[in-house]
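Colleague: Build me a model:
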Amino acid sequence: MQQESWKRTVFKTDEKMSTAIKELSQTHAQKFHSKNGFLGTELEFPIVASSPDRLGRALGIEEIMSIYRQIGSSEGWRLSPQGLDIETNLKEGTVSINAEAGFSTMEIAIPPTKTIERTGEIIDQAVAAAGVAVHSHGAYMLGYGIHPVSPPSVDLYCPRDRSTAMRFIRPVLTHIQNDDSDISNTVSASVQFHVGAFDPEHAVRLLNLYNLLSPEFIALSANSRISRGRDSGNTDLRNRFYEMHTQYPASAGVAPRIESFEDYINKLQHMPILLLKRGGRYVVVTDGVTFGQFMERGSATAVYANENKPFIITPEPDDIDVIESMVRWEARIKGTTGTIELRTCSMQQSKSDILALGSVVLGLSANIDEAEALVLGRSRDEAQHAKEQISKYGIKGHKEIRASAHRMLSVAKEGLESLGDKTRYLEILSQRLRDSVTPSDKSLEVYKKEGIAPFIEAVRFSMD
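Modeller: Numbers count the residues shown, from 1 in each chain. Down below sits the predicted model:
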């Protein structure tokens, strides 16, 4: 079905909701048709000052802009007019360096690759270009899941259209959360993996699988305990922040089981709409309507951020992509790329650590029948409870999750071997499980024994 005919069919106020959901799910499912498995990667690096008087603190916007200008002047890289987007083209696609929510957190997006080794080669190239510029500005790139000194702050919001809109709607989020968790994304840093789905059924299976395995992924990757210059008491604070950053609790944490794309759209219809896009810009929806109500009514009231000029908008096909971007499940569907996006893992301290986690994600996708057996009988609530416990306390007291994570690595290894890919990075994670030690545990020990300055040095990103 072509997009325009779909628009006419679905978004009419006299359409029954069930018909609208069915049509939308059929169209959205068509985006998932990868012929072969692939892995895309997004890396988020806290960029912090290295000078003794500002050690570990987020940089100012002018310092960040200067860093981006220097990277953009490097051979092969292009700087956007806005100054916070840099790109270079490779045969696999575009490598981009940008700032999203918090301007002092650098995001490097690696295009989809067929092998773990190729992902590592592209990381080398991108981080080398960024690292030279960061170092020359007296700053560090950290391999850590959160800014360890600077607290969440509206002053760290990136001067981008989406961030401006998020800042505009902050009173709504604050009313619900009653704390600063709504701006935690200004200081958090994750490593996100995008897995190509073979078909819509594979996409739904991966969505359920990665959500239910989120306790195991946190057990392997927890790396964000020090916050505001002190011990937060949470082994993986970033994950707890990520879950709180939502206006709709049902769209956070471990996702409920999804049976089909139609079931997926049906669950999204209950999600309140705060942001959509019109004319290439984000708009704030002021009616307090859900996605389903918006489809039923056929209209809503919106304003551009910082503009007091309300206008009427009607549903459009691409609205689903914006709705998906507001979902805070551990893994979520990403229709714009035809992938499942796993967002559970905090940023890691080295390239090898990142490739180890990517190996697991890709290997499970290739061996999904065996992978699903790992979580057979596990409910959403059980996974959510285990995830919360490990995010808070770590893995030492969780024998069941450690044992399950060991089995998960074996299943991933078999999947990688079926793809003809390297499995050597998995040993990094096996060692973590044998020692019952997360990256957070290691860096916390440095912090307790030696203080914040040696800790900052310990969590600097390494290309090993």
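Colleague: what about residue 75, how many neighbours?
Modeller: Look at residue 75: counted by other C-beta atoms under 10 Å, it has 6 neighbours. Placement of C-beta: from N, CA and C, glycine included.
Colleague: Let me fix that, I meant to ask about residue 98.
Modeller: Around residue 98 there are 18 residues (other C-beta under 10 Å).
Colleague: Counting by contacts, list what the helix or strand containing residue 48 packs against.
Modeller: In this assignment (DSSP states H and E), residue 48 forms part of strand 39-49. Under the contact criterion of 3 or more C-beta pairs under 8 Å, 6 or more residues apart in numbering; DSSP states H and E, strand 39-49 touches strand 105-113, helix 116-136, strand 139-141, strand 191-196, helix 351-366.
Colleague: Okay, residue 294 and residue 268: tell me how far apart.
Modeller: Distance of residue 294 to residue 268, computed by C-beta to C-beta, to the nearest Å: 11 Å.
Colleague: picking that back up, I'd like the helices and strands packed on strand 39-49 as JSON lines, with distance to residue 227, mean neighbour count and mean pLDDT appended.
Modeller: Formatted as JSON lines, these follow (distance: least, C-beta to C-beta, whole Å; neighbours: other C-beta atoms under 10 Å; pLDDT from 0 to 100):
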{"stretch": "strand 105-113", "distance to residue 227": "14", "mean neighbour count": "23", "mean pLDDT": "95"}
{"stretch": "helix 116-136", "distance to residue 227": "21", "mean neighbour count": "18", "mean pLDDT": "95"}
{"stretch": "strand 139-141", "distance to residue 227": "17", "mean neighbour count": "22", "mean pLDDT": "98"}
{"stretch": "strand 191-196", "distance to residue 227": "18", "mean neighbour count": "24", "mean pLDDT": "94"}
{"stretch": "helix 351-366", "distance to residue 227": "20", "mean neighbour count": "25", "mean pLDDT": "96"}
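Colleague: Same list (the ones you listed) but as a markdown table, adding distance to residue 328.
Modeller: Shown next, in a markdown table, are these (distance: least, C-beta to C-beta, whole Å):
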| stretch | distance to residue 328 |
| --- | --- |
| strand 105-113 | 17 |
| helix 116-136 | 25 |
| strand 139-141 | 26 |
| strand 191-196 | 13 |
| helix 351-366 | 19 |
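Colleague: check contacts around the most centrally placed residue in the chain.
Modeller: By C-alpha atoms, centre = their mean, the chain has its centre lying nearest to residue 343, at 3.9 Å. By C-beta atoms under 8 Å, 6 or more residues apart in numbering, the contact set of residue 343 is 190, 192, 242, 329-332.
Colleague: which among those gets closest to residue 120?
Modeller: Closest approach to residue 120 among these (C-beta to C-beta): residue 192, at 16.5 Å.
Colleague: My guess is the closest one contacts residue 41. True?
Modeller: Yes - under the criterion of C-beta atoms under 8 Å, residue 192 makes contact with residue 41 at 7.2 Å.
Colleague: Show the contacting residues for the residue nearest to residue 348 when sequence neighbours are not counted.
Modeller: Nearest residue to residue 348, sequence neighbours excluded (C-beta to C-beta, 6 or more residues apart in numbering): residue 354, at 5.0 Å. Applying C-beta under 8 Å, 6+ apart, we find residue 354 in contact with 41, 43, 123, 191, 348.
Colleague: Is the third one in contact with residue 353, as I believe?
Modeller: No - judged on C-beta under 8 Å, residue 123 makes no contact with residue 353 at a distance of 11.3 Å.
Colleague: domain ranges for this structure?
Modeller: Domain segmentation of the chain under automatic domain parsing yields 3-30+272-325, 39-157+187-254+327-458.
Colleague: Where among those domains is average confidence lowest?
Modeller: When the domains of the chain are compared by mean pLDDT, domain 3-30+272-325 comes last with a mean of 77.
Colleague: one step back: got the domains of the chain as JSON lines, with distance to residue 261 columns?
Modeller: Shown next, in JSON lines, are these (distance: least, C-beta to C-beta, whole Å):
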{"stretch": "domain 3-30+272-325", "distance to residue 261": "4"}
{"stretch": "domain 39-157+187-254+327-458", "distance to residue 261": "6"}
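Colleague: out of the ones you listed, which comes closest to residue 165?
Modeller: Nearest to residue 165, of all the domains of the chain, is domain 3-30+272-325, at 4.0 Å by C-beta to C-beta.
Colleague: Run through the strands of the stretch 201-350 of the chain in chain order.
Modeller: With DSSP state E, counting those that start in this stretch applied, the stretch 201-350 of the chain shows strands at 226-227, 230-231, 252-253, 275-278, 281-285, 300-304, 311-313, 328-329, 331-334, 339-342, listed in chain order.
Colleague: Show me what the last one is packed up against.
Modeller: With contacts defined as 3+ C-beta pairs under 8 Å, 6+ apart, the secondary structure elements packing on strand 339-342 are strand 191-196, helix 200-212, strand 331-334.
Colleague: now the fifth one
Modeller: In terms of contacts (3+ C-beta pairs under 8 Å, 6+ apart), strand 281-285 is packed against helix 161-168, strand 275-278, strand 300-304.
Colleague: related to what we said a few turns ago, can you put the contacts of residue 354 in JSON lines and add distance to residue 150?
Modeller: Output for the contacts of residue 354, formatted as JSON lines (distance: C-beta to C-beta, whole Å):
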{"residue": "41", "distance to residue 150": "25"}
{"residue": "43", "distance to residue 150": "19"}
{"residue": "123", "distance to residue 150": "25"}
{"residue": "191", "distance to residue 150": "20"}
{"residue": "348", "distance to residue 150": "20"}
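Colleague: What is the nearest of the residues you listed to residue 103?
Modeller: Nearest to residue 103, judged by C-beta to C-beta, of the contacts of residue 354 is residue 43 at 16.3 Å.
Colleague: and the nearest residue to that closest one once chain neighbours are set aside, what are its bridge partners?
Modeller: Among residues not flanking residue 43 along the chain, residue 108 sits closest, at 4.7 Å (C-beta to C-beta, 6+ apart). Bridge pairing for residue 108 (DSSP bridges) gives the partners residue 43, residue 97.
Colleague: Please verify my assumption that residue 108 contacts residue 97.
Modeller: Yes - in this structure residue 108 lies within contact range of residue 97 using C-beta under 8 Å: 5.3 Å.
Colleague: any residues in contact with both of the two?
Modeller: By C-beta under 8 Å, 6+ apart, the residues touching both residue 108 and residue 97 are 126, 130.
Colleague: before we move on, back to that, now render the strands of the stretch 201-350 of the chain as JSON lines, adding mean neighbour count.
Modeller: JSON lines is the format used below for those (neighbours: other C-beta atoms under 10 Å):
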{"stretch": "strand 226-227", "mean neighbour count": "24"}
{"stretch": "strand 230-231", "mean neighbour count": "12"}
{"stretch": "strand 252-253", "mean neighbour count": "20"}
{"stretch": "strand 275-278", "mean neighbour count": "19"}
{"stretch": "strand 281-285", "mean neighbour count": "20"}
{"stretch": "strand 300-304", "mean neighbour count": "18"}
{"stretch": "strand 311-313", "mean neighbour count": "12"}
{"stretch": "strand 328-329", "mean neighbour count": "23"}
{"stretch": "strand 331-334", "mean neighbour count": "25"}
{"stretch": "strand 339-342", "mean neighbour count": "26"}
